[in-house]
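> Need a 3D model of the following:
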Amino acid sequence: MKYFGTDGFRGRANEGLNVEHAYQIGRFVGWYYGLRQDRKARIVLGKDTRRSSYMFESALVSGLVASGADAYMLHVIPTPGVSYVTADGAFDCGIMITASHNPYGDNGIKLVNQNGEKMDEAVLKQVEAYIDGEIDVPLATGDKIGCTVDFMQGRNRYIAHLIASANFSLQGVRVGLDCANGAASSVAKPVFDALGADVYVFNNTPNGFNINVNCGSTHIEEMQSYVLRNNLDVGFAYDGDADRCLAVDDRGHVVDGDLILYVCGRYLNKHGGLAKSTIVPTVMSNFGFFKALDEIGINYESTDVGDKYVYACMRENGYSLGGEQSGHIIFGDIENTGDGIMTSLRIMEAVRSEKESLSTLVRPVKLYPQLLVNVPVTDRDAAMADPAVKAAEKKANEFLAGNGRCFVRASGTEQLVRILAEAPTDELCKQADDIVLAAVEKYRAAE
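Numbers count the residues shown, from 1 in each chain. Now for the predicted structure:
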């Protein structure tokens, strides 16, 4: 794909991704879905809180209505909210404007199909062909021109869906929420308030520039200190578009995606809710996580890194739970995409049902030390294809001699090469990483 990566069309606002691209995406999508039926296309779209999201929203809407589609505007809402409303409201497709956990200067456009799933690659290729001038799309005229609809009720329906999914009370539970100054800011607190929790919320005053800045799931240390300082039972930190969630237990320890999968998987399996007694993690999951699953008799099937690979495996094999260490968790019996707020609710369901603290529920998992190094590079594809880098990765794994592993991959959204070492000690992790770093160094981008 030329423009759309693993998580949509993403880039620096008005540099890699510009307002003309947004208009063109709207033009094609509005025309394409109208062409397939005897009525105007109905497209729903939402955005996160970064300043450029408003610009891209206007451009997308202009393109949609110019091609004859009706554009239903959800305004600021989590990415999973767009997926839910698209499917629930029988829309032709959904559009989310977000760069997720990236800095505020970046942005992106994600497309989802009528089922709320990631858009089919065949459609994305046609969008790209239109952007490159290979497809002609006519302008709508007269009564064929579309209209805009202020669809705030869609966001309310999403909030109601989250509340309805919880069949338990959080009365008396002290919960901290770090909304990353992002899309969760207007959604997370009302959900936990409705369940009776004693809610402590922070980083929920977005100004267009502070999304993900020293807050949210990418800066979990903020929540760790907050939980301890306020004597909370649990804390949840979301990313900019709230499709991820990391937790902090009552002792101030981080509960990452692996531990979330363990807690929720064990609980679901105990109550017959884990399809085929199998969890779908990625190859980046911790050795200790896999060993803990072995001890309780839960199977696992690992995929490549990326929620789309996790979901594809789940859908193909009928599995009901999967996710990534980053906190992107998919509960397939409820939704078809990662949802940070839903994840926090499912954790609380396990905590309340088992009548145990979160720190107690994660105790059986003994995680191996990991060291992840993100190397800014000039060309991630060239670096990954370099035989010297591949040889260095093999050498690092031979160095660990079966007592750990070293894993190298390119970021799906940024010009980064990620080097992950996992071993019994931090020093062994560093030594393994250094072997690969030496080979990648020639691709390093200037600071």
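> going forward, measure contacts between C-alpha atoms and count neighbours the same way
Noted.
> Helices along the stretch 151-300 of the chain, start to end?
Here the stretch 151-300 of the chain has its helices, by DSSP state H, counting those that start in this stretch, at 152-164, 188-194, 221-230, 257-270, 287-296.
> ok, of these, where does mean pLDDT dip lowest?
Ranked by mean pLDDT, those end with helix 287-296 at the bottom, a mean of 91.
> Against which helices or strands is it packed?
Helix 287-296 is packed against helix 257-270, strand 299-300, with contacts defined by 3 or more Cα pairs under 8 Å, 6 or more residues apart in numbering; DSSP states H and E.
> re the thing from before, and of the helices of the stretch 151-300 of the chain, who's closest to Lys355?
Proximity to Lys355 (Cα to Cα) singles out helix 257-270 among those, at 11.7 Å.
> do you know which of the helices and strands packed on helix 287-296 lies nearest Thr141?
With Cα to Cα as the criterion, Thr141 lies closest to helix 257-270 of the helices and strands packed on helix 287-296, at 49.6 Å.
> Enumerate every residue touching Arg266.
By Cα atoms under 8 Å, 6 or more residues apart in numbering, the residues touching Arg266 are 296, 298.
> And it, how far from Leu274?
For Arg266, the distance to Leu274 equals 8 Å [Cα to Cα, to the nearest Å].
> Can I get stretch 427-437 as PDB, trimmed to CA atoms?
What follows is stretch 427-437, C-alpha atoms only, in PDB (Å, rounded to 0.1, in the frame of the first residue of the first chain):
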ATOM      1  CA  GLU A 427      22.400  -6.900  31.300                       C
ATOM      2  CA  LEU A 428      21.800  -9.800  29.000                       C
ATOM      3  CA  CYS A 429      19.000  -7.800  27.300                       C
ATOM      4  CA  LYS A 430      21.300  -4.900  26.700                       C
ATOM      5  CA  GLN A 431      24.000  -7.100  25.300                       C
ATOM      6  CA  ALA A 432      21.600  -8.700  22.900                       C
ATOM      7  CA  ASP A 433      20.200  -5.300  21.800                       C
ATOM      8  CA  ASP A 434      23.700  -3.900  21.300                       C
ATOM      9  CA  ILE A 435      24.500  -6.700  18.800                       C
ATOM     10  CA  VAL A 436      21.600  -5.600  16.500                       C
ATOM     11  CA  LEU A 437      22.100  -1.900  17.200                       C
END
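> residues of stretch 13-33 that come out buried?
If you call a residue buried by 16 or more other Cα atoms under 10 Å, then stretch 13-33 has these buried ones: 13-14, 17-19, 21-33.
> ok, Gly384 touching Gln415?
For the record, residue 384 is Met, not Gly. No - if you go by Cα atoms under 8 Å, Met384 and Gln415 don't touch, sitting 11.4 Å apart.
> any idea which helix or strand carries Gly11?
Secondary structure from DSSP states H and E places Gly11 in strand 8-12.
> ok, and what's touching that strand?
By Cα under 8 Å, 6+ apart, the residues outside strand 8-12 that reach it are 3-4, 16-17, 99, 105-111, 413.
> Which SSE is immediately downstream of it?
helix 19-35.
> now the angle between strand 8-12 and that next one, please.
170 degrees (axes from the mean of the first three to the mean of the last three Cα atoms, to 10 degrees).
> For helix 19-35, name the packing helices and strands.
helix 51-66, helix 121-131.
> Just checking: what are the partner strands of the next helix or strand after that helix?
Following helix 19-35 in sequence order, the next helix or strand is strand 42-47 (DSSP H and E). In the sheet containing strand 42-47, its partner strands are strand 70-76 (parallel), strand 93-97 (parallel), by DSSP bridges.
> Convert the C-alpha atoms of the first one to PDB, please.
Pointing back at strand 70-76 there. Extracted C-alpha coordinates of strand 70-76, given in PDB (Å, rounded to 0.1, in the frame of the first residue of the first chain):
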ATOM      1  CA  ASP A  70     -24.600  12.200   3.900                       C
ATOM      2  CA  ALA A  71     -22.000  12.800   6.500                       C
ATOM      3  CA  TYR A  72     -22.900  12.000  10.100                       C
ATOM      4  CA  MET A  73     -20.500  13.800  12.500                       C
ATOM      5  CA  LEU A  74     -19.800  12.200  15.900                       C
ATOM      6  CA  HIS A  75     -17.200  14.900  16.700                       C
ATOM      7  CA  VAL A  76     -14.700  13.800  19.400                       C
END
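> Report the angle between it and helix 152-164.
Going by the same axes, to 10 degrees, strand 70-76 makes 50 degrees with helix 152-164.
> How about residues contacting strand 70-76?
Outside strand 70-76, the residues touching it (Cα under 8 Å, 6+ apart) are 40-49, 61, 64-65, 82, 146-155, 183, 186.
> Now do it, average pLDDT.
Mean pLDDT, strand 70-76: 98.
> Give the next helix or strand downstream of that strand.
helix 79-88.
> Next, the buried residues of that following helix.
Buried, per 16+ other Cα under 10 Å, within helix 79-88: 79-87.
> do stretch 425-436 as well
Going by neighbour count (16+ other Cα under 10 Å), the buried part of stretch 425-436 is 428-430, 432-436.
> before we move on, back to that, out of the contacts of strand 8-12, the closest to Asn204 would be?
Ala99 (17.6 Å).
> my guess is that closest one meets Asn107, correct?
Yes - when contacts are counted by Cα under 8 Å, Ala99 is listed as touching Asn107 (4.3 Å).
> The residue lying closest to Phe202 once chain neighbours are set aside and Asn210, how far apart?
Among residues not flanking Phe202 along the chain, Asp178 sits closest, at 5.3 Å (Cα to Cα, 6 or more residues apart in numbering). Distance of Asp178 to Asn210, given as Cα to Cα: 13 Å.
> Which of the two has more residues huddled nearby?
Asp178 (31 against 21; other Cα atoms under 10 Å).
> ok, that one - contacts?
Asp178 neighbours (Cα under 8 Å, 6+ apart): 201-204, 215-217, 223, 235-238.
> Going by neighbour count, which of the residues you listed comes out on top?
Of all those, the most densely surrounded is Tyr238 (36 neighbours; neighbours counted as other Cα under 10 Å).
> burial of Lys144, as a residue count?
Residues lying near Lys144 (other Cα under 10 Å) number 15.
> That one contacts Ala41, correct?
No - applying Cα under 8 Å, one finds Lys144 not in contact with Ala41, separated by 10.7 Å.
> shared neighbours of those two, anything?
The contact sets of Lys144 and Ala41 overlap at Gly68 (Cα under 8 Å, 6+ apart).
> circling back: please identify which of the buried residues of stretch 425-436 is nearest to Arg363.
Nearest to Arg363 out of the buried residues of stretch 425-436 is Cys429 (Cα to Cα; 23.2 Å).
> Having no further points to raise, I will conclude here.
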